[in-house]
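Novice: Show me the folded form of this:
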Amino acid sequence: MNYKQVINYLGWFILYYSLVFLVLLIPAFIYKEYNLIPAIFETFFCTLLLGSVGIILTYKKNPEEEENFLIRESLAFVGLGWIIITILGALPFYLSENLSLVDAIFESISGYTTTGATTVHDIEAFPKTLLFWRAFTHFLGGVGIVVIFVSILPYIGAGGRLLLESESFAPDIRSVKPRIKESVKQILLVYLTFNAANIVLLMIFGMNFFDAVCHAFSTLATGGFSTRQMSIGAYNSLPIEIITIFFMFCGATNFGLLYQIYHGNFKVFIKNVEWKVYVLIWFSSIVLISFSLVGFHGTFSQDPTQFPSYSIGKAFRDSAFTVTSLMSCTGFVTADFDTWPHFAKWILMIIVVIGGCAGSTAGGIKTIRFTIVCKLLFNRITSIFQPRTIKTIRVGEQVISEETQKAVTVFVVLWIFIIAIGSLALCWTGLPILSAISSVIVCFSNCGPGLEYVGGYEDYSFLSPLGKSVLSFIMLTGRVELYSILALFLPSFWRGK
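Specialist: Numbering: from 1, shown residues only. Okay, the predicted model is just below:
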């Protein structure tokens, strides 16, 4: 491990990152929240100082001397980078005395990881500057703040590809041009264009500029932070819901595919197996939940008022929005799905686990891994009665190698293991088992709303400091897809060369 090199790059990374906090001065002046300005400047100077110290301590006398930035250093940079930015991102909340330290860190991690779980109990009474900061952390975290700074830091060189691949956001390298800067430009072009379009459309259909910006930042990033206590449901507007559904769906689609729209290549969607599987699961879930909401479900209760009454139109409208929101791991709500039939609620939890497509801002295990696991299971079952038949596993025209199959299997098993351990930890704090399991699942998938105590219209403010700390770690681990964070806790990772 080249510690000096990692610290130097982190120093430059943090130095550039400090400039982000100055953006908060704009809403602070516009909405005359002058009491927040000292906290903003304190955060800026603390971040600037930390970055400068890292650079000075690792100053190179011969900057032309090239050093290799390999996978070990890349993982350390990504893991430590995410931890540092989320802690520093908590300072505006904490220094302004609007949240406790634990709550501020939880809120910052939830923002940057695009989870959308919140400890703010009364959102509409929260300062607008900090509401903007919550949404802006989604904007930064959604595109992958490490990816942004790959294009800024010229020092990374060949290691930029490793950083891009270490980011869970990064699309399949084959779907974009091979040069790292070109890949980053493509990602940012798609991201900025869609965000701008989202803002304009939301304003056309009734949102004010502030709400439109905050919700747009939260939508394509599949984050879920809202400026309203009732989330998107507060507007009770079908056009706004349709616009939000569209951009949440885009956020869960591989950005490499979205980039093809600029070239008029729409056939790429039809050819992409993962996207077709995603659409199939998405549409099937909407239909099944819609049927469940209008009464096609079993119940052990003799009370006919146990579940809310839905017309066909209302059922389809609410299920379409909720399925898109949770499968894309956004977390916006228009209905209290915690009151829905048990069948519908567990479909929602299943699609949260599956998540969106690889190379998107969505969380979950990703549809491509789910597809490979299903094919592995099918292949294993058929091999029992056809032991001499050798079958290759394909996704479209691509043959899935043994190494990839093993990697996917290990990832899914590790995913389940962490959910189990996290749920036990939450139960230890006194949380009921359904609330504990669902909160871990949605935080690990970077979704936000769960079931029971952490339902769609609830928040996480009631949790103990231990519970919030556990979920903060889980959100961070889920965002970087396990390895960049878990590797930091292995002694052999730091001892290796």
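
Novice: Quick one: the helices in the stretch 251-400 of the chain, in order.
Specialist: 255-259, 267-271, 273-293, 312-327, 342-354, 367-385 (DSSP state H, counting those that start in this stretch).

Novice: Dump stretch 103-118 to CSV, restricted to CA.
Specialist: The C-alpha trace of stretch 103-118 is given here as CSV (Å, rounded to 0.1, in the frame of the first residue of the first chain):
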residue,chain,number,x,y,z
ASP,A,103,-28.1,12.7,13.3
ALA,A,104,-26.0,15.0,11.2
ILE,A,105,-23.7,12.2,10.1
PHE,A,106,-26.7,9.9,9.4
GLU,A,107,-28.3,12.7,7.3
SER,A,108,-25.1,13.3,5.4
ILE,A,109,-24.5,9.7,4.7
SER,A,110,-28.1,9.2,3.6
GLY,A,111,-27.8,12.1,1.3
TYR,A,112,-24.5,11.2,-0.4
THR,A,113,-25.4,7.5,-0.7
THR,A,114,-28.8,8.6,-2.2
THR,A,115,-30.7,6.7,0.4
GLY,A,116,-33.1,9.3,1.5
ALA,A,117,-33.7,8.0,5.0
THR,A,118,-34.0,11.1,7.3
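
Novice: related to what we said a few turns ago, save the helices of the stretch 251-400 of the chain as JSON lines, and put in mean pLDDT too.
Specialist: Output for the helices of the stretch 251-400 of the chain, formatted as JSON lines (pLDDT from 0 to 100):
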{"stretch": "helix 255-259", "mean pLDDT": "84"}
{"stretch": "helix 267-271", "mean pLDDT": "85"}
{"stretch": "helix 273-293", "mean pLDDT": "94"}
{"stretch": "helix 312-327", "mean pLDDT": "94"}
{"stretch": "helix 342-354", "mean pLDDT": "93"}
{"stretch": "helix 367-385", "mean pLDDT": "87"}
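
Novice: And those: which comes nearest G478?
Specialist: Among those, the nearest to G478 by CB to CB is helix 342-354 (11.0 Å). For glycine as for every other residue, the C-beta is placed from the backbone atoms N, C-alpha and C.

Novice: and the closest one, what does it pack onto?
Specialist: Judged by 3 or more CB pairs under 8 Å, 6 or more residues apart in numbering; DSSP states H and E, helix 342-354 is in contact with helix 273-293, helix 312-327, helix 433-444.

Novice: how about those helices in CSV, adding mean neighbour count and distance to P491?
Specialist: CSV is the format used below for those (neighbours: other CB atoms under 10 Å; distance: least, CB to CB, whole Å):
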stretch, mean neighbour count, distance to P491
helix 273-293, 19, 37
helix 312-327, 23, 38
helix 433-444, 24, 25
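
Novice: which stretch among the ones you listed comes nearest G450?
Specialist: helix 433-444 (3.4 Å).

Novice: Tell me how far the next helix or strand after the closest one lies from the chain's centre.
Specialist: Remark: after helix 433-444, the chain's next helix or strand is helix 465-479, criterion DSSP states H and E. The chain centre lies 13 Å from the centre of helix 465-479; the measure is CA atoms, centre = their mean, to the nearest Å.

Novice: Pull out the CA atoms of helix 465-479 and give them to me as PDB.
Specialist: The C-alpha trace of helix 465-479 is given here as PDB (Å, rounded to 0.1, in the frame of the first residue of the first chain):
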ATOM      1  CA  PRO A 465     -27.500   6.400  18.400                       C
ATOM      2  CA  LEU A 466     -26.400   2.700  18.000                       C
ATOM      3  CA  GLY A 467     -29.200   2.000  15.500                       C
ATOM      4  CA  LYS A 468     -28.400   5.100  13.500                       C
ATOM      5  CA  SER A 469     -24.700   4.200  13.500                       C
ATOM      6  CA  VAL A 470     -25.400   0.700  12.300                       C
ATOM      7  CA  LEU A 471     -27.600   2.000   9.500                       C
ATOM      8  CA  SER A 472     -25.100   4.700   8.600                       C
ATOM      9  CA  PHE A 473     -22.400   2.000   8.100                       C
ATOM     10  CA  ILE A 474     -24.900  -0.100   6.100                       C
ATOM     11  CA  MET A 475     -25.800   2.800   3.800                       C
ATOM     12  CA  LEU A 476     -22.200   3.600   3.100                       C
ATOM     13  CA  THR A 477     -21.300  -0.100   2.500                       C
ATOM     14  CA  GLY A 478     -24.300  -0.500   0.100                       C
ATOM     15  CA  ARG A 479     -23.400   2.600  -1.900                       C
END
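
Novice: Name the SS class of the closest residue to V53 other than its chain neighbours, please.
Specialist: Spatial nearest neighbour of V53, excluding adjacent residues (CB to CB, 6 or more residues apart in numbering): G11 at 7.2 Å. What DSSP: H, G, I helix; E, B strand; the rest coil gives for G11 is helix.

Novice: Going forward, count from 58.
Specialist: Yep, numbering from 58; the last one is G68 now.

Novice: what about G68, neighbour count?
Specialist: When neighbours are counted by other CB atoms under 10 Å, G68 registers 20.

Novice: any idea how far I97 is from it?
Specialist: Distance of G68 to I97, given as CB to CB, to the nearest Å: 22 Å.

Novice: do you know how far the residue nearest to V110 is from I162?
Specialist: Distance of G68 to I162, computed by CB to CB: 22 Å.

Novice: ditto for S496
Specialist: Using CB to CB, S496 is found at 17 Å from I162.

Novice: for the lengthiest helix in the chain, the distance to its chain's centre please.
Specialist: Assignment by DSSP state H gives helix 459-485 as the longest helix of the chain. In terms of CA atoms, centre = their mean, the centre of helix 459-485 is found 18 Å from the chain centre.
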